[in-house]
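*Asks:* Let me see the structure of the following:
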Amino acid sequence: MNASSLPGYLDLTPARLLDALDAVGLRPDGRLLQLNSYENRVHQVFLEDGRAVVSKFYRPGRWTDAQILEEHGFALELAAAEVPVVAPLELAAQDASTQVLGEPPTLACRLVEGERHRFSVSPRCAGREPELEQADTLRRLGRFIGRLHEVGRRQPFVHRVRMDPPQDGQAALQRLLDLDLLTPHERPAWLALAQQALQAVAAAFQRHGPLQMLRVHGDCHLGNVLWRPEGPHLVDLDDACMGPAVQDLWMLVSGDATTMRMQFDQLLQGYEEWADFDDAERALIEPLRTVRMLRHSAWLAERWRDPAFPAAFPFFGTAAYWSQQTTQLREQLELMA
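*Replies:* The predicted structure follows:
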């Protein structure tokens, strides 16, 4: 593997990371802790004034500056509406090698040996994953997402992605075929089922008709929700996009079909205190899950040259992995039918 094939932030040493924060007016005391993130490089950094912040260095080439700033603007808009989110801090450039973008300035760009690093900084927010077994948790989560969507409906995103699940699924399938990581024995069965599944996805969205689109979190699973004494907080708006309301609800439920229906009903009890929900979108849950499965495999394939990925996902790309995916696609076809 040559250096040019590696992600641009692999040269982001701890010393350079600390220098970058110092260059935007935040003075680290030398302590930092890498946090769990594969797409970006995220660290908890302790400052000389006693605070702890979280720095996020964005994967080069994934988002434009305008898309990142639009995400930041949404977070700040939510915070101003008292929706509990972790919003980026305002930054101030301290030297000529660093510039800050946005109104207010929340995105920093710093040149290090010719490499342009983009990063933001947010307050540290501690919490735990929600415990769905506790009474009223799902209703409170639904109420929280309803508040988020009430703000999300006020205006559209201009620069960020607009979901088109049938097209997104086809793009993921094509990317997997182009990268040629399917094992030869498993490829025919997986490909046949993937194509059938995407036909079912397209049929489901065609039956539904035009979607009511709004600004959504986009990746609203329990790992992106921090539960604090006062209730849920949302982190990581990195996948914020224009999408249907159901996109921010379906990943919060799990289990068999009966359990998921009960959990979804509880979510909606809270959600509809703040926002209306088109009940026809329930029929899109399994199609959305199918597209997410394909996109996840494509994401792993696209990132496979990043050394962090083979270490974290050693099962990916094996015959057993594709055999498992084939089984899951067969199950999704049955559920969508």
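*Asks:* going forward, measure contacts and count neighbours with C-alpha atoms only.
*Replies:* Fine.
*Asks:* Now the element after the longest helix anywhere in the chain, going C-ward?
*Replies:* What stands out as the longest helix in the chain, according to DSSP state H, is helix 187-208. Scanning forward in sequence from helix 187-208 by DSSP states H and E, the next helix or strand is strand 214-216.
*Asks:* Where does V42 sit: helix, strand or coil?
*Replies:* Judged by DSSP: H, G, I helix; E, B strand; the rest coil, the three-state class of V42 is strand.
*Asks:* List the beta-bridge partners for it.
*Replies:* K56 (DSSP bridges).
*Asks:* Please apply the same query to V216.
*Replies:* C241.
*Asks:* residues near it, how many?
*Replies:* 27 (other Cα atoms under 10 Å).
*Asks:* do Q196 as well
*Replies:* Residues near Q196, counting by other Cα under 10 Å, number 15.
*Asks:* still on that earlier bit, what residues of the longest helix of the chain count as buried?
*Replies:* Within helix 187-208, the residues that count as buried by 16 or more other Cα atoms under 10 Å are 187, 190-191, 193-194, 197-202, 204-205.
*Asks:* That one: how far from the chain's middle?
*Replies:* Relative to its chain's centre, helix 187-208 lies at 24 Å (Cα atoms, centre = their mean, to the nearest Å).
*Asks:* Identify all contacting residues around that helix.
*Replies:* 165-166, 169-170, 173, 280-281, 283-284, 287-288, 290-291, 322-323, 325-326, 329-330, 332-333, 336-337 (Cα atoms under 8 Å, 6 or more residues apart in numbering).
*Asks:* got TSV for the buried residues of helix 187-208, with distance to P307 too?
*Replies:* Formatted as TSV, those follow (distance: Cα to Cα, whole Å):
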residue	distance to P307
R187	25
W190	26
L191	27
L193	30
A194	28
A197	31
L198	31
Q199	35
A200	35
V201	33
A202	35
A204	38
F205	37
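*Asks:* of those residues, closest to V161?
*Replies:* F205 (18.2 Å; Cα to Cα).
*Asks:* care to break the chain down by domain?
*Replies:* 3-123, 137-336 (automatic domain parsing).
*Asks:* Any idea which of the ones you listed gets closest to E131?
*Replies:* Evaluated with Cα to Cα, these place domain 137-336 nearest to E131, the distance being 7.0 Å.
*Asks:* chain center to the closest one, what's the gap?
*Replies:* 10 Å.
*Asks:* what's the average pLDDT for it?
*Replies:* Mean per-residue pLDDT for domain 137-336: 95.
*Asks:* hang on, the earlier thing: just the buried ones from the contacts of helix 187-208?
*Replies:* Buried members of those, scored by 16+ other Cα under 10 Å, are 165-166, 169-170, 173, 281, 284, 287-288, 290-291, 322-323, 325-326, 329-330, 332-333, 336.
*Asks:* can you tell me which of these are in strands?
*Replies:* Among these, DSSP state E puts none in strands.
*Asks:* among those, which are in helices?
*Replies:* Checking these against DSSP H, those in helices are 165-166, 169-170, 173, 287-288, 290-291, 322-323, 325-326, 329-330, 332-333, 336.
*Asks:* Now do the contacts for L47.
*Replies:* L47 makes contact with L26, R27, P28, D29, G30, V53, according to Cα under 8 Å, 6+ apart.
*Asks:* Now do the same contact list for the fifth one.
*Replies:* This means G30. L18, V45, F46, L47.
*Asks:* what's the closest of the buried residues of helix 187-208 to T106?
*Replies:* F205 (37.1 Å).
*Asks:* Doesn't L111 belong to a strand?
*Replies:* Yes. Counting by three-state DSSP, L111 is found in a strand.
*Asks:* and the gap between the residue nearest to it when sequence neighbours are not counted and R116?
*Replies:* Closest residue to L111 apart from its sequence neighbours, by Cα to Cα, 6 or more residues apart in numbering: S97 at 5.7 Å. Computed as Cα to Cα, to the nearest Å, the S97 to R116 distance reads 10 Å.
*Asks:* Look at the two and report which has more neighbours.
*Replies:* With neighbours defined as other Cα under 10 Å, S97 and R116 compare such that R116 has more, 16 against 13.
*Asks:* Tell me which helix or strand the more buried one sits in.
*Replies:* According to DSSP H and E, R116 maps onto strand 115-123.
*Asks:* Which neighbouring elements make contact with the helix or strand following that strand?
*Replies:* From strand 115-123 onward toward the C-terminus, using DSSP H and E, the following helix or strand is helix 137-152. The contact analysis (3 or more Cα pairs under 8 Å, 6 or more residues apart in numbering; DSSP states H and E) places helix 137-152 against helix 65-80, strand 214-216, strand 231-234, helix 257-271.
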